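Participant: compute the structure for the input listed below.
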Amino acid sequence: MERISVRDLTAYMNKEIVSFFLVQEKELRQGVKDFYLRLRLGDQNGSVNANVWTNAQQINEIFAEGDVIKIKGIVKDYKGQLQITITNLRVAEENEYDLKEYIPATSKDVNQMADSLFAYISGINNPFIKQLLTDIFDDQEFLTAFIKSPAAKNWHHNYAGGLLEHTIAVAVICDFAAHHYPVDRDILIAGALLHDAGKVEEYSMKAAIDFTNIGRLIGHITIADEMVTRKAAAIDAFPAEILLKLRHLILSHHGEYEKGAVRLPQTLEAIVLHYADNLDAQTSGVLQLMQGVKEGTSEWTEFDRLNNRYFYLGQQEED
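Facilitator: Sure thing, here's the model as predicted:
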């Protein structure tokens, strides 16, 4: 049976399909009359919402997030969003699919982004900061994991290569800000490159993205802080003041205690990094929502439960 990709679903509007998808998210919800299953299904080309309306509690028990499932269902348009109403499903056998076809990945050139990463390191003037960054990113095991890692589980850059893509974007914004504000560029760029480095250990991406044990119990902020502290300790006479400022960037980049920051931003560099990080994360998250709307079908995205709002795409101009 030929697999139907997410990007090709529009051609099957109001038709029955049989195909394989990766379960990215799964939630059993209470409906008006009974429980139903809300799924996010995907492959390397994107994702789509799906619902199971009948026998949802029983069906919920037979598969999990991260499974590849074979479904039968009807492709529908709901308020401009593609959805699949599933009538039957089962867990796929391992010989029925190639997992590589189901893991979403960055559309950007990974080699080019890696070159940008090392170009930023080469542009650092402070020898201690440059040595710290070199020691971290010259570690091939760490670098390989960094390049492959996602930047999040759900909201933004939640695909292989997403961490590298997000890191370079934040560095670009910080570099721009360094030309307009009296910040220490070396400290700021180092913070941009290191602020999410702990996500290498925070997430697992064997199939669907999920938290590792250390990710749930410790978190990427503390992981990155420990890594930077350990690496700096191995560099002879590494300045305590520089380490203090770098650690503060990592510990405060979420900006608010309610958002997971260990400390509020209390240096100019920390303020810039926080807003650069948030700008890229929020903008990219909204763009992903907008790209999920079938062209010409709706002026609004689906409801964003994280930010508690819809986003307006605007009216389509008629030819």
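Participant: ok, Cys174 to Tyr12 distance?
Facilitator: Cys174 sits at a distance of 44 Å from Tyr12 (criterion: Cβ to Cβ, to the nearest Å). C-beta: built from backbone N, CA, C; applies to glycine.
Participant: who has more neighbours, these two?
Facilitator: Between Cys174 and Tyr12, counting by other Cβ atoms under 10 Å, Cys174 is the more crowded of the two (25 against 16).
Participant: shouldn't that one be within a helix?
Facilitator: Yes. Applying DSSP: H, G, I helix; E, B strand; the rest coil, one finds Cys174 inside a helix.
Participant: how near is it to Tyr120?
Facilitator: Cys174 sits 9 Å away from Tyr120, going by Cβ to Cβ.
Participant: just Arg263 next, same as before
Facilitator: Taking Cβ to Cβ as the measure, Arg263 and Tyr120 are separated by 25 Å.
Participant: who has more neighbours out of these two?
Facilitator: For Arg263 versus Tyr120, neighbours defined as other Cβ under 10 Å are more numerous around Tyr120 (21 against 15).
Participant: show the subsequent helix or strand relative to the host helix or strand of the more buried one.
Facilitator: Element membership for Tyr120, per DSSP states H and E: helix 110-122. The element immediately downstream of helix 110-122 (helix or strand, assigned by DSSP H and E) is helix 127-137.
Participant: what is that following helix packed up against?
Facilitator: Here helix 127-137 touches helix 110-122, helix 140-148, helix 185-194, helix 220-233, helix 240-252, going by 3 or more Cβ pairs under 8 Å, 6 or more residues apart in numbering; DSSP states H and E.
Participant: now with 6 Å?
Facilitator: In terms of contacts (3 or more Cβ pairs under 6 Å, 6 or more residues apart in numbering; DSSP states H and E), helix 127-137 is packed against helix 220-233.
Participant: quick one: contacts of the helix it packs on?
Facilitator: With Cβ atoms under 6 Å, 6 or more residues apart in numbering as the test, helix 220-233 has contacts from 132, 135-136, 197-199, 201-202, 238, 243, 246-247, 250-251, 262.
Participant: go again using 8 Å as the cut-off
Facilitator: Under the contact criterion Cβ atoms under 8 Å, 6 or more residues apart in numbering, helix 220-233 has outside partners 132, 135-136, 194-199, 201-202, 214-215, 238, 243, 246-247, 250-251, 253-254, 260-262.
Participant: and that helix with helix 240-252, angle?
Facilitator: Angle between the axes of helix 220-233 and helix 240-252 is 170 degrees (criterion: axes from the mean of the first three to the mean of the last three Cα atoms, to 10 degrees).
Participant: looking at the protein, which helix or strand is least sure?
Facilitator: strand 210-211 (a mean of 76; mean pLDDT, DSSP states H and E).
Participant: residues bridging contact with Cys174 and Tyr120, i.e. touching both?
Facilitator: Ile189, Ala192.
Participant: just the buried residues out of the contacts of helix 220-233, in ChimeraX syntax.
Facilitator: Only the buried entries of those go into this ChimeraX selection, using 16 or more other Cβ atoms under 10 Å:
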select :132,136,194,195,196,197,198,199,201,202,215,238,243,246,247,250,251,253,254,261,262
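Participant: longest strand of this structure?
Facilitator: strand 16-30 (DSSP state E).
Participant: just the buried positions in that strand, please.
Facilitator: By neighbour count with 16+ other Cβ under 10 Å, strand 16-30 contains the buried residues Ser19, Phe20, Phe21, Leu22, Val23, Gln24, Glu25, Lys26.
Participant: now the fifth one: how far from Gln81?
Facilitator: The span separating Val23 from Gln81 equals 18 Å under the rule Cβ to Cβ.
Participant: against Gly191, how distant is Arg263?
Facilitator: The gap separating Arg263 from Gly191 is 13 Å, by Cβ to Cβ.
Participant: over to Asn111?
Facilitator: In this structure, Asn111 and Gly191 are 24 Å apart, going by Cβ to Cβ.
Participant: when the two are compared, which one has more neighbours?
Facilitator: Taking neighbours as other Cβ under 10 Å, Asn111 and Gly191 compare with Gly191 leading, 31 against 9.
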